[in-house]
Structure formats: C-alpha cells, structure tokens
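[1] below is the sequence, then the predicted model.
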Amino acid sequence: MSASVAPERVVVLHNTDYDAELTAGTGVDVSAVHASAMAVADALRASGLAVELVGVEGPRDLAAVFARLLERRPDVVFNLCESLGGDPRNEPLIPALFDLHGLPYTGADGLCLGTCLHKRRTKHVLLGCGVPTPPFRFLVTERDLEALRAEAPDVVDYPWFLKLAHEDASIGVEETNLVVDFDALAARTRRMWSEFGQSVLAERYIAGREVNVTMIGDGDAVEVLPLHEIDFAAMPAGRPHIVTYAGKWDEQHVDYAGTKPVPLRDASPAVAARIEAAARGAWTAVGLRDYGRVDLRLDGAGGAWVIDVNPNPDISPDAGVARSAKVAGMDYPALVRRVVDSAARRRR
C-alpha cells in the first residue's frame, strides 16, 4: 500500500488480561480497555472501514494472535494493548513484534513506550533535549534516601512530589505523595516501595495550574488540540492540588469532584506559546506518534514544566483525547479515523 492509498481493513488489537487472577496485586483495573476497543471499532466502522476486533491475553496466545494477523494482513492495526499477562511493563513488546513482522500500527513504537514506562529515562531524555521538567531524584534503596537527606536545602527545596517510576494512570498517587520535608518523603517512599515493589521518582513540586496538551499527527504534521487544565476549585480546603488515583477513578471520592478537566482559561498568548513549545519538545524528544498527551505545570511566572508524557493515552469517547478533539470540532469517528490515516501513511 502506498502512502496515497487509504486504509480499508483495520484490526483493533486490545489486551484481555483483566482476569482478577492475572491482575491481582497490580492495583490496575484494565477491564475498561475492552469498552474502549469496542468504541474504537464502532467508530471506524462508522467511517466506512472493515474492522475486526482481536484480543490478546499474554504469552500463551501471543503466537496464535500474530499468526492470525499475518494471515489477514490488515492495512493498519489499531494498537490498544496496554499490558500482557497483567503486567504493564510488557506493553512495548507488542509494537516491537509489529515492527518485526512489518505490520503498520497506530501510536508509539516500542522504544517510545519503553522510555515512557521508565520515568527516570524520560526525565533524562527531556533534559537532554532541553525540555523544561522539574528537578528530580530517583529513589531505589535506603542509600538513595540517605543521599537525599544530605543534600543542601536550597537544592532540595520542598515541597516535592512522589510518583512510581514505572506506572501511569496516577497509580500510587494519594495526597501524602506531596511531601513538605525529608521525613514525610522518606516515610511515603518506604510505603510505596513496600506496597508496589518498585522504585520511586521524586521531583520538585510546581505549585501552579496543571495543563493537559493533546496532540495528533506524525512527523511535521502534528496538531495541538485545544488546551485543557485541571480545575481544582471544588477541592476541599487543605487537600493538595494534585490528580490522585482516586481523583481519576473513584467517582465517590472528593478528589474526583475536585479535579475536573476544563478548557484552559485566561492564558496569555505568551504562556500558551510556552505550553505548546514545551509539549512539542516533549513529543519530539520521546518519539510520540499519531496521538499523545503531555501534562505540564505552570509556575508563578508562567513557565511551563513537563511533568508527564503519555504515549497511546486513553482514547475512549469520554476521555481527554476525545474531549479535546470535540472542542476542535472533530467528532469521535473522525478522531479515530485520523489516527488510523496517520499510521497508514508510515507504511512503505
């Protein structure tokens, strides 16, 4: 298929490892992946494409699934696999196999996914490319905590914010992740080590507005969709202005009502330009493709700091990507079709 030929047959591939036994202890509810896959498939059918929905659970059925894909040779695979065998760290394996077998697919490649699944590596890439991101420390052992304790107060100027090094979707984030001194940092870090069994990334907290930047496209044709921010106005007094796990996923929690995404308000052209420049820099640095989201914080002077880079973010009809597209005048079928067309143009 040349770049001028539109795709006709699409496979929507999604993970099915949402059995309770597989995901026990991970803190992840991935059952929504199937609903998202169904929505994407229906939207693509509405745009006139022939669509097949295919699920993959883990190593046991991976070979059979890829044999099926190679037999059918779709024009594009819409990749919605976020984990395999209940482990999100296996996510880069799927695009690596696509590349090995020459199957065109949507979204990030294995290198990009692997980079963003290791937040310390993401930080190094951003800093190496001159993208503004808060200072950080990587905490693996007690020795790292002792080294942090010894640092000068003007270097580690609290408050700082803690996040798991290999997770997204705010897993592991609660109000105590915002720490105001070393003792609080050490106590919360140790609890995160114990509960999640992985390293912790600590970074300087930027006490300002939180902005979400959704982009679509590839190469030189990357469009920034209307900017959104988190509205903390309904957050109870005394609670930190951060997006916790409960704030994303528990509709009964006070953080859910207190962290509503809304269109960015009252930002000067200069601030908006800094936001877009930082987001585009992050997109290029880590190698996002087709669609992605960059989260930033604004400081008191209007400086934009990248705090997270999200390849293949949630593309459900009620999620942030679709929300930004709708503000831009793009309905859901048009959005997912545009992602597919972007991926199809990469096929040689």
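    Yep, that arrived. Residues are numbered from 1 along each chain as shown.
[2] so where do the strands sit in the chain?
    9-15, 50-56, 76-80, 136-139, 160-164, 178-179, 200-204, 210-218, 221-224, 228-231, 260-263, 290-298, 304-311 (DSSP state E).
[3] what's the closest of those strands to Asp109?
    Nearest to Asp109 among the strands of the chain is strand 304-311 (8.9 Å), distances taken as CB to CB. C-beta here means a position set from N, CA and C on the backbone, and glycine is covered the same way.
[4] ok, back up a step: now the strands of the chain in TSV, with mean pLDDT?
    Output for these, formatted as TSV (pLDDT from 0 to 100):
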stretch	mean pLDDT
strand 9-15	94
strand 50-56	93
strand 76-80	96
strand 136-139	97
strand 160-164	97
strand 178-179	97
strand 200-204	97
strand 210-218	96
strand 221-224	94
strand 228-231	96
strand 260-263	94
strand 290-298	97
strand 304-311	97
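[5] now the ones you listed as TSV including distance to Gly107?
    Below are those laid out as TSV (distance: least, CB to CB, whole Å):
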stretch	distance to Gly107
strand 9-15	11
strand 50-56	15
strand 76-80	5
strand 136-139	26
strand 160-164	22
strand 178-179	31
strand 200-204	24
strand 210-218	10
strand 221-224	14
strand 228-231	20
strand 260-263	21
strand 290-298	5
strand 304-311	6
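[6] low pLDDT regions in the stretch 1-150 of the chain?
    Per-residue confidence for the stretch 1-150 of the chain (pLDDT under 70) gives these ranges: 1-5, 18-31.
[7] reformat the strands of the chain as JSON lines; add mean neighbour count.
    What follows is the strands of the chain, written out as JSON lines (neighbours: other CB atoms under 10 Å):
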{"stretch": "strand 9-15", "mean neighbour count": "23"}
{"stretch": "strand 50-56", "mean neighbour count": "17"}
{"stretch": "strand 76-80", "mean neighbour count": "25"}
{"stretch": "strand 136-139", "mean neighbour count": "20"}
{"stretch": "strand 160-164", "mean neighbour count": "22"}
{"stretch": "strand 178-179", "mean neighbour count": "22"}
{"stretch": "strand 200-204", "mean neighbour count": "21"}
{"stretch": "strand 210-218", "mean neighbour count": "23"}
{"stretch": "strand 221-224", "mean neighbour count": "15"}
{"stretch": "strand 228-231", "mean neighbour count": "20"}
{"stretch": "strand 260-263", "mean neighbour count": "14"}
{"stretch": "strand 290-298", "mean neighbour count": "25"}
{"stretch": "strand 304-311", "mean neighbour count": "23"}
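[8] who wins for proximity to Trp193 among those strands?
    strand 200-204 (6.8 Å).
[9] how far is the closest one from where the chain is centred?
    A distance of 17 Å separates the centroid of the chain from that of strand 200-204, by CA atoms, centre = their mean, to the nearest Å.
[10] what is it packed up against?
    helix 119-128, strand 136-139, strand 160-164, helix 182-196 (3 or more CB pairs under 8 Å, 6 or more residues apart in numbering; DSSP states H and E).
[11] could I get the CA-only coordinates of it as CSV?
    Provided in CSV are the C-alpha atoms of strand 200-204 (Å, rounded to 0.1, in the frame of the first residue of the first chain):
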residue,chain,number,x,y,z
VAL,A,200,10.0,6.0,43.2
LEU,A,201,10.7,9.2,41.4
ALA,A,202,10.7,12.4,43.5
GLU,A,203,10.5,15.7,41.7
ARG,A,204,10.2,19.4,42.8
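[12] who's in contact with that strand?
    Applying CB atoms under 8 Å, 6 or more residues apart in numbering, the external contacts of strand 200-204 come out as 119-120, 123, 133-139, 148, 157, 160-165, 179, 185, 189, 192-193, 307.
[13] just checking, Val339 touches Asn312?
    No: taking contacts as CB atoms under 8 Å, Val339 lies outside contact range of Asn312: 10.0 Å.
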